[in-house]
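Trainee: starting from these lines, generate the structure:
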Amino acid sequence: MKIVLFAIIKFLSERFTLTEDKADEKEIIESIKAEVQFKGTNVWTLI
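Mentor: You can find the predicted model right below:
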């Protein structure tokens, strides 16, 4: 029974990984800083 449970967990963790298509964090931060004015309600949007 444990083998089946571990197989299911392994399958789901491989199937639904979020890090595979993740963009580079430095690029994301630079993009946000270049395009957003950090005044008023825009700051609250990022929080």
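Trainee: could you tell me how many residues sit around Phe11?
Mentor: The local packing of Phe11 (other Cβ atoms under 10 Å) involves 10 other residues. For glycine as for every other residue, the C-beta is placed from the backbone atoms N, C-alpha and C.
Trainee: host element of it?
Mentor: Taking DSSP states H and E as the criterion, Phe11 maps to helix 2-15.
Trainee: just how off-centre is that helix within its chain?
Mentor: Helix 2-15 sits 22 Å away from the centroid of its parent chain (Cα atoms, centre = their mean, to the nearest Å).
Trainee: same check, this time on stretch 6-20
Mentor: 16 Å.
Trainee: all numbers from here: first residue = 52
Mentor: Understood, numbering begins at 52; the last thing we discussed is stretch 57-71.
Trainee: name the residues of that stretch that are buried.
Mentor: Counting neighbours by 16 or more other Cβ atoms under 10 Å, one finds that stretch 57-71 has no buried residues.
Trainee: and for stretch 80-88?
Mentor: Buried residues in stretch 80-88 (16+ other Cβ under 10 Å): none.
Trainee: dump that stretch to PDB, keeping only the CA atoms.
Mentor: Extracted in PDB, the C-alpha atoms of stretch 80-88 (Å, rounded to 0.1, in the frame of the first residue of the first chain):
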ATOM      1  CA  ILE A  80      12.400  42.300 -10.900                       C
ATOM      2  CA  GLU A  81      14.100  44.400 -13.600                       C
ATOM      3  CA  SER A  82      11.000  44.300 -15.700                       C
ATOM      4  CA  ILE A  83       8.800  45.500 -12.900                       C
ATOM      5  CA  LYS A  84      11.200  48.300 -11.900                       C
ATOM      6  CA  ALA A  85      11.500  49.500 -15.500                       C
ATOM      7  CA  GLU A  86       7.700  49.700 -16.100                       C
ATOM      8  CA  VAL A  87       6.100  50.600 -12.800                       C
ATOM      9  CA  GLN A  88       6.100  53.900 -11.100                       C
END
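Trainee: any idea of the mean pLDDT in it?
Mentor: Averaging pLDDT along stretch 80-88 gives 77.
Trainee: what about that stretch, distance to the chain center?
Mentor: For stretch 80-88 - counting by Cα atoms, centre = their mean - the centre lies 18 Å from the chain centre.
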